[in-house]
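Colleague: my questions are about this predicted structure, shown below with the sequence.
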Amino acid sequence: MAEKNWYYAVNNERMGPIGEADLAPLLANGIIGPQTLVWCEGMSDWAPAGSTLPEALRNASKTSEASVPPLSPPSETIFNHPTAFQAAVKTCFDKYATFTGRARRPEYWYFALFTFAGSIILSIVDAVVFMSQNFSPLSSLFSLAMLVPSLAVGVRRLHDIGRSGWWLLIALVPVIGFIILIIFLVKKGDEEANEYGPA
């Protein structure tokens, strides 16, 4: 019997196809966990790997890319958005220059905390190592490296509340623009799918 191809979801994005032999390392490394949504031919919809993979692997058969349904889980299925500091920072680096999709509040604010703390720590290191308040190469390089992912997660955060990423530019308006942007960034995201992706 031909090997079955599998698809899995990471951060609301469909990954695959992968063969059955490739599933074991992904499971062992925690890339596919019990709650990761998976799909293969013969399944009516995406389902958590923990309840699907063992039985489905026993009934393996070949599938094709053309027959893969779009990644649109049933309304009761909730994608796992990063809610822990480390997971949020990792997600932002994984989506370094991704300006599409959505980012929940924890993802945005944990990454903002990471960049703020990183800047402070590197400023202190610069002051100690270079003994100059006007020369801070480490802090400057860090800030430059964080510019693109910070803009990207900001755009995705605005998408989460149903607004265009261009609203980031409102911060250029003195005082009031920054206040309006902060209000947008702390606002709770849409509970349902919007034009920028699933909840």
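Modeller: Alright, I've got the coordinates.
Colleague: element containing M15?
Modeller: In the assignment (DSSP states H and E), M15 maps to strand 13-19.
Colleague: which strands border that strand, and is each parallel or antiparallel?
Modeller: strand 5-10 (antiparallel) (DSSP bridges).
Colleague: buried ones in the partner strand?
Modeller: 5-10 (16 or more other CB atoms under 10 Å). Bear in mind the C-beta positions are built from the backbone N, C-alpha and C, glycine included.
Colleague: out of those residues, flag the one nearest to S140.
Modeller: V10 (33.0 Å; CB to CB).
Colleague: look at the closest one and report its pLDDT.
Modeller: V10 is assigned a pLDDT of 79 by the prediction.
Colleague: please apply the same query to S64.
Modeller: At S64, the pLDDT recorded in the model is 39.
Colleague: equivalent analysis for I179, please.
Modeller: I179 is given a pLDDT of 96.
Colleague: T83 reaches P106, doesn't it?
Modeller: Yes. Assessed by CB atoms under 8 Å, T83 is found in contact with P106 at 4.6 Å.
Colleague: neighbour count: these two, which is higher?
Modeller: Higher neighbour count among T83 and P106: P106, with 16 against 12, using other CB atoms under 10 Å.
Colleague: tell me the pLDDT of the more buried one.
Modeller: P106 is given a pLDDT of 92.
Colleague: verify the stated contact: it with A88.
Modeller: Yes. P106 is within contact range of A88, at 5.6 Å (criterion: CB under 8 Å).
Colleague: helix, strand or coil: sort out G33 for me.
Modeller: Under the three-state scheme (DSSP: H, G, I helix; E, B strand; the rest coil), G33 adopts coil.
Colleague: report the contact partners of T36.
Modeller: 8-10, 48-49 (CB atoms under 8 Å, 6 or more residues apart in numbering).
Colleague: closest one to G197 out of those residues, please.
Modeller: A9 (12.0 Å).
Colleague: what count of nearby residues applies to the nearest residue to that closest one once chain neighbours are set aside?
Modeller: In this structure, A9 finds its nearest non-sequential neighbour in L37, 4.2 Å apart by CB to CB, 6 or more residues apart in numbering. Using other CB under 10 Å, L37 has 22 neighbouring residues.
Colleague: D190 versus L37, what's the distance?
Modeller: 20 Å (CB to CB, to the nearest Å).
Colleague: moving C-terminal of the lowest-mean-pLDDT helix or strand in the chain, what's the next helix or strand?
Modeller: Counting by mean pLDDT, DSSP states H and E, the chain has its least confident helix or strand at helix 49-58, which shows a mean of 63. Toward the C-terminal end, the helix or strand that comes next after helix 49-58 (DSSP H and E) is helix 85-94.
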